[in-house]
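S.K.: what's the 3D shape of this:
(one chain, ligands or ions: 1)
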Amino acid sequence: MARRGNRRRKKAMVRIVVTSLVLVVGAVSALNYHHKDENVKTMVIKKDDKVKTNIVKNDDSLHFPDYYKTTKKDENGLLEVLNIDSNLVLVNKDRKLPDGYEPDDLIYPSIPLNGAVKEKTRMRSEAAHALEKLFAGASADGYTLTAVSGYRSYDRQVALYNNYLATRGEEWTKAYSAYPGTSEHQTGLAMDVSSPAFGNALEVDFVKTAEGKWLADHAHEYGFIIRYPEDKVEKTHYHYEPWHIRYVGVKYATYLYNNHLALEEAMPAKK
Ligand SMILES: [Zn+2]
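M.R.: Below you'll find the model as predicted:
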């Protein structure tokens with residue numbers, strides 16, 4: 001009797017253990033499945049512009065100023081740039097800064113050069129300090145960045161442009177170089193960033209490097225945007241430049257990042 005009782009108890013125990021195992025395995029699989037499912041959804045959202053567009057339409061929490069509306073054009077058909085000293089200044093192939101414009105608060109950011117030319121690292125004060133924080137943030141995560149090219153004077157852009165015209169021809173120059181006065185580098189709010197690990201090169205493959213990925217994921221936290229995104233060429237009229245970051249401040253940079261917008265799309269600019 002005692003033995004049979006033991007056997008029965010053993011059988012019952014085995015049943016409990018097996019049932020528990022089945023339940024645990026089932027629960028874990030369900031959790032895994034749920035996680036996988038979430039990942040798939042996240043990927044779809046990231047890749048689906050239509051979904052992003054809906055988010056933009058529903059999010060009117062941040063308005064960009066409308067002082068970009070101007071119809072005044074110069075003899076080359078380029079629109080004048082207003083609000084030159086704003087962090088949100090809009091300079092592009094259609095909108096030109098006054099000849100010789102130079103910001104009056106250019107400084108050298110306090111960052112390790114890592115092979116950069118110090119003279120080329122200048123930015124406007126607020127942007128320079130944000131860049132210091134950006135580089136420190138990258139460093140804390142284990143990545144070393146280089147500030148390859150920041151403020152560029154009008155005269156320097158004239159020289160560059162003319163040199164490109166002479167050596168590469170008109171078609172190439174118009175596609176890849178900014179007409180003097182239309183380079184964002186003249187605002188003192190832009191920086192071309194690379195890394196020693198990538199030979200400090202300014203090439204599209206930078207985005208495939210760990211440093212390039214870090215920059216794409218975190219620049220907005222410090223007030224910078226990737227100014228010429230891969231899928232916004234029609235809006236910016238610039239080829240993809242994963243290295244060119246532009247300071248707009250944390251609030252606007254985060255908004256543009258979250259809503260997947262190029263600066264041109266957020267501006268209520270009138271031509
Ligand atoms: Zn640039």
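
S.K.: quick one: Leu202 and Ala147 touch, right?
M.R.: No. Between Leu202 and Ala147 there is no contact under Cβ atoms under 8 Å: 11.6 Å. C-beta: built from backbone N, CA, C; applies to glycine.

S.K.: which one's more surrounded, the two?
M.R.: Remark: of Leu202 and Ala147, Ala147 carries more neighbours, 29 against 15, as counted by other Cβ atoms under 10 Å.

S.K.: how far away is that one from the ion?
M.R.: From Ala147 across to the ion, the span is 11 Å (Cβ to the ion, to the nearest Å).

S.K.: can you report how many residues lie near whichever residue of the stretch 1-150 of the chain sits closest to the ion?
M.R.: Per Cβ to the ion, Ser149 is where the stretch 1-150 of the chain lies closest to the ion, at 6.2 Å. Ser149: 20 surrounding residues under other Cβ under 10 Å.

S.K.: show the pLDDT at it.
M.R.: pLDDT, Ser149: 97.

S.K.: list the contacts for it?
M.R.: Contact analysis of Ser149 by Cβ atoms under 8 Å, 6 or more residues apart in numbering lists Lys120, His185, Met191, Asp192, Leu202.

S.K.: pick the one among the residues you listed closest to the ion.
M.R.: Asp192 (4.2 Å).

S.K.: contacts for the host helix or strand of the closest one?
M.R.: According to DSSP states H and E, Asp192 maps onto strand 190-194. Outside strand 190-194, the residues within contact range by Cβ under 8 Å, 6+ apart are 121, 123, 127, 131, 145-150, 184-185, 200-202, 206, 211, 215, 224, 227, 241, 243-247.

S.K.: does the ion have contacts with that strand?
M.R.: Yes. Using Cβ under 5 Å from the ion, strand 190-194 comes into contact with the ion via Asp192.

S.K.: from the ion, how far out is Ser265?
M.R.: Quick fix: residue 265 reads Glu, not Ser. Glu265 is 19 Å from the ion, by Cβ to the ion.

S.K.: so how do I select the buried members of the contacts of strand 190-194 in PyMOL?
M.R.: Buried residues among the contacts of strand 190-194 (16 or more other Cβ atoms under 10 Å), as a PyMOL selection:
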select buried, resi 121+123+127+131+145+146+147+148+149+150+184+185+200+206+211+215+224+227+241+243+244+245+246+247
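
S.K.: so of the contacts of strand 190-194, which ones are in strands?
M.R.: 123, 146-149, 224, 227, 241, 243-247 (DSSP state E).

S.K.: thinking again about what came up before, which strand residues bridge the residue of the stretch 1-150 of the chain closest to the ion?
M.R.: Asp192 (DSSP bridges).

S.K.: how close does it get to Tyr228?
M.R.: To Tyr228, Ser149 is 14 Å away according to Cβ to Cβ, to the nearest Å.

S.K.: cool, Ala216 as well?
M.R.: In terms of Cβ to Cβ, Ala216 sits 12 Å off from Tyr228.

S.K.: out of the two, which sits in the more crowded spot?
M.R.: Tyr228 (23 against 16).

S.K.: start and end of stretch 99-116, how far apart?
M.R.: 27 Å (Cα to Cα, to the nearest Å).

S.K.: can you give me the buried ones in it?
M.R.: Neighbour counts over stretch 99-116 (16+ other Cβ under 10 Å) mark Tyr101, Pro103, Leu106, Ile107, Tyr108, Pro109, Ile111, Asn114, Ala116 as buried.

S.K.: could you find the lowest-pLDDT member of these?
M.R.: Lowest pLDDT among the buried residues of stretch 99-116: Tyr101, 93.

S.K.: how about that residue, phi and psi?
M.R.: For Tyr101, the backbone dihedrals (degrees, to the nearest 10) come out as phi -60, psi 130.

S.K.: any idea which of the ones in strands among the contacts of strand 190-194 is closest to Glu170?
M.R.: Glu241 (20.8 Å; Cβ to Cβ).
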